[in-house]
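S.K.: Sharing a sequence plus its predicted fold:
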Amino acid sequence: MTIKEAQEVLLIEEQGLAAVRQRIGREFVKAVELIHHCPSRLIITGIGKSGIIGQKIAATLNSTGTPSFFLHPVEAMHGDLGMVQDTDVVIAISYSGETAELNSLLSNLKRRCSSVIAMTGAAGSTLAGAADLVLDISVPKEACSLGLAPTASTTATLALGDALAVVLMNRNDFKAADFRLNHPSGSLGARLQVKVGEVMLTGTQIPLVAAEATVAEAVTELNAKSLGAVIVAGESRQVEGLVTDGDVRRYVASNLDLSQTRVAEVMTSDPITISGDIQAVDALSIMQRHEVTILPVVDIDSRLTGILHLHDLLGKGEFRFLL
């Protein structure tokens with residue numbers, strides 16, 4: 001029974017997210033434009049569970065390039081309104097739209113900021129009526145068996161906040177280097193401050209075949225090293241090309257005889273290479289710009305010295321690549 005109950009909770013929350021996803025439209029686009037063109041800060045406010053979700057949304061926005069801060073409605077009415085500027089945009093969160101502490105703040109906020117965006121599940125509420133834009137976070141029902149505890153609704157609010165943050169991140173052309181600047185003490189920030197030569201794979205760890213090798217031999221090396229690509233190099237270790245598992249799949253689909261086909265016929269010639277002396281964060285930016293996950297590392301004479309995989313930068317399974 002316990003497993004079934006847990007699965008039912010997750011199903012209800014999935015349905016709530018689906019409902020919010022289907023309603024994303026012009027209001028969301030307008031909200032993105034308002035925030036993107038805001039010359040100062042985005043203020044998030046809410047109380048109770050909505051306030052906790054609002055704090056997380058503000059933190060995500062800050063870390064991804066949208067300056068934000070959380071304003072507690074009660075503290076705002078006791079002096080913290082002084083932080084609000086006339087160019088700020090406010091997101092006010094209340095599922096019912098009738099939270100007394102938040103609604104008592106609304107008139108003061110509207111006099112002080114440029115725009116108020118409501119995140120609410122009640123289109124006819126006081127909050128929705130006072131806002132310049134309304135983002136609908138209504139869900140079919142809460143996962144709580146009593147229908148009282150905010151569960152599916154807070155999940156939907158958090159997810160919509162993430163959607164705003166990611167869309168704004170892309171609009172702001174926010175890069176991995178920017179992320180590192182915002183996370184200098186985090187594990188990712190520390191990892192990206194090292195030189196490529198300190199994190200690249202070397203020696204027998206490099207998936208490597210000669211230019212005269214067959215595709216079948218490249219597949220054997222692919223399977224042995226499990227990096228998703230094989231570097232093609234000559235006797236002097238000059239990088240001549242790169243064969244990815246995607247290349248192999250395409251040629252298998254073409255019914256070529258892999259034991260007779262040379263890698264030179266399927267490889268990408270003159271692949272992008274980097275120096276071991278550059279910072280890892282710069283290598284990540286190169287990967288991001290060219291949408292690749294592997295880079296051969298070469299010395300000043302363009303001889304192969306190592307290979308850098310995305311996982312060596314971000315930590316396998318810890319982060320997703322930001323494209």
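M.R.: Yes, it's here. Numbers count the residues shown, from 1 in each chain.

S.K.: Return the distance of Thr45 relative to Gly197.
M.R.: 48 Å (C-beta to C-beta, to the nearest Å). The way it works is simple: take the backbone N, C-alpha and C, and place the C-beta from them, glycine included.

S.K.: Between those two, tell me which one has more neighbours.
M.R.: Using other C-beta atoms under 10 Å, the more surrounded residue of Thr45 and Gly197 is Thr45, with 28 against 17.

S.K.: nearest residue to the more buried one other than its sequence neighbours?
M.R.: Leu71 (4.6 Å; C-beta to C-beta, 6 or more residues apart in numbering).

S.K.: now swap in Cys113 and tell me
M.R.: Asp88 (4.5 Å).

S.K.: tell me the contacts of that neighbour?
M.R.: Residues in contact with Asp88 (C-beta atoms under 8 Å, 6 or more residues apart in numbering) are 38, 40-43, 112-114.

S.K.: same deal with Ile52?
M.R.: Thr154.

S.K.: returning to that earlier point: show the pLDDT at the residue nearest to Cys113.
M.R.: Asp88 carries a pLDDT score of 93 in this model.

S.K.: Is there a quick ChimeraX command that grabs whichever of the contacts of Asp88 are buried?
M.R.: A single ChimeraX command selects the buried members of the contacts of Asp88 (16 or more other C-beta atoms under 10 Å):
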select :38,41,42,43,112,113,114
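
S.K.: Which of the contacts of Asp88 fall within helices?
M.R.: Arg112 (DSSP state H).

S.K.: Narrow the contacts of Asp88 to those in strands?
M.R.: Those of these mapping onto strands are 42-43, per DSSP state E.

S.K.: Is it possible to get TSV of the contacts of Asp88 that adds distance to Ala149 and pLDDT?
M.R.: Formatted as TSV, the contacts of Asp88 follow (distance: C-beta to C-beta, whole Å; pLDDT from 0 to 100):
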residue	distance to Ala149	pLDDT
Cys38	34	93
Ser40	36	89
Arg41	32	89
Leu42	28	94
Ile43	27	93
Arg112	33	87
Cys113	31	90
Ser114	35	89
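
S.K.: Now do the contacts for the closest residue to Pro207 other than its chain neighbours.
M.R.: Using C-beta to C-beta, 6+ apart and skipping residues adjacent in sequence, the residue nearest Pro207 is Lys225, 3.7 Å away. Each residue near Lys225 by C-beta under 8 Å, 6+ apart is listed here: 205-207.

S.K.: now swap in Lys30 and tell me
M.R.: Leu133.

S.K.: For it, what is the enclosing helix or strand?
M.R.: helix 26-36 (DSSP states H and E).

S.K.: Check which residues of that helix are buried.
M.R.: Under the neighbour-count rule (16+ other C-beta under 10 Å), helix 26-36 has 28, 31-32, 34-35 buried.

S.K.: swap in stretch 232-252?
M.R.: Buried residues in stretch 232-252 (16+ other C-beta under 10 Å): 232-233, 237, 239-245, 247-248, 251.

S.K.: Make CSV out of those residues and add distance to Gln55, pLDDT and secondary structure.
M.R.: Converted to CSV, the buried residues of stretch 232-252 look like this (distance: C-beta to C-beta, whole Å; pLDDT from 0 to 100; DSSP: H, G, I helix; E, B strand; the rest coil):
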residue, distance to Gln55, pLDDT, secondary structure
Val232, 51, 91, strand
Ala233, 52, 89, strand
Arg237, 53, 89, coil
Val239, 48, 90, strand
Glu240, 53, 89, strand
Gly241, 50, 89, strand
Leu242, 45, 90, strand
Val243, 48, 86, strand
Thr244, 42, 84, strand
Asp245, 42, 80, helix
Asp247, 46, 77, helix
Val248, 47, 77, helix
Tyr251, 51, 70, helix
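
S.K.: Nearest to Glu14, out of those: which one, please.
M.R.: For the buried residues of stretch 232-252, the residue nearest Glu14 by C-beta to C-beta is Asp245; the value is 32.1 Å.

S.K.: OK, contacts around the closest one?
M.R.: So Asp245 contacts 222, 228-229 (C-beta under 8 Å, 6+ apart).

S.K.: okay, now Ile47: neighbour count?
M.R.: 18.

S.K.: ignore the last one, Leu17
M.R.: Around Leu17 there are 17 residues (other C-beta under 10 Å).
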